[in-house]
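Asker: Sequence first, predicted coordinates after that:
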Amino acid sequence: MADKHTIVLMQPSPNQASRTFKDYEGVPQAVEGICNDFERKLRELNPQLRSITYDIGDLYSWIDNMPDLSALVFEPQVMAYVPCGKEWIKKKAFTHLRRMADQAGR
């Protein structure tokens, strides 16, 4: 999956003008980008805190409450982009954060 071009579509607020997209080299980079967006939002909401901590439930809640968040993953076998929804994104985010925690624990 690492080399499958991925486009993340998001609408972070109810205002349709907030719709945007970001493209990434692969799924891992896209998931990291989504996590980075969440962390950036936490820093905006808590500028007085020097360090931000959160758990997977906080990330899931942010994803669930976003008016629109999805990904288009290029599948070379069919030469097309396959849509992936919030549940797929949450599963990938869990795997990503678990991998990071495992690496930090070494």
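Answerer: Sure, I can see it.
Asker: Now the residue nearest the centre of the chain: which helix or strand?
Answerer: Nearest to the mean C-alpha position of the chain, counting by C-alpha atoms, centre = their mean, stands residue 34 at 2.5 Å. Per DSSP states H and E: residue 34 is located in helix 27-45.
Asker: Check which helices and strands that helix sits against.
Answerer: strand 6-11, strand 20-24, helix 56-65, strand 68-75, helix 86-104 (3 or more C-beta pairs under 8 Å, 6 or more residues apart in numbering; DSSP states H and E). In this view, the C-beta of every residue, glycine as well, is placed from N, C-alpha and C.
Asker: Nearest to residue 38, out of those?
Answerer: helix 56-65 (5.2 Å; C-beta to C-beta).
Asker: The host helix or strand of residue 83 to helix 27-45, inter-axis angle?
Answerer: Element membership for residue 83, per DSSP H and E: strand 80-84. Orientation of strand 80-84 against helix 27-45 (axes from the mean of the first three to the mean of the last three C-alpha atoms, to 10 degrees) gives an angle of 40 degrees.
Asker: Return the distance of strand 80-84 from the chain's centre.
Answerer: With C-alpha atoms, centre = their mean, to the nearest Å as the basis, strand 80-84 stands 16 Å off its chain's centre.
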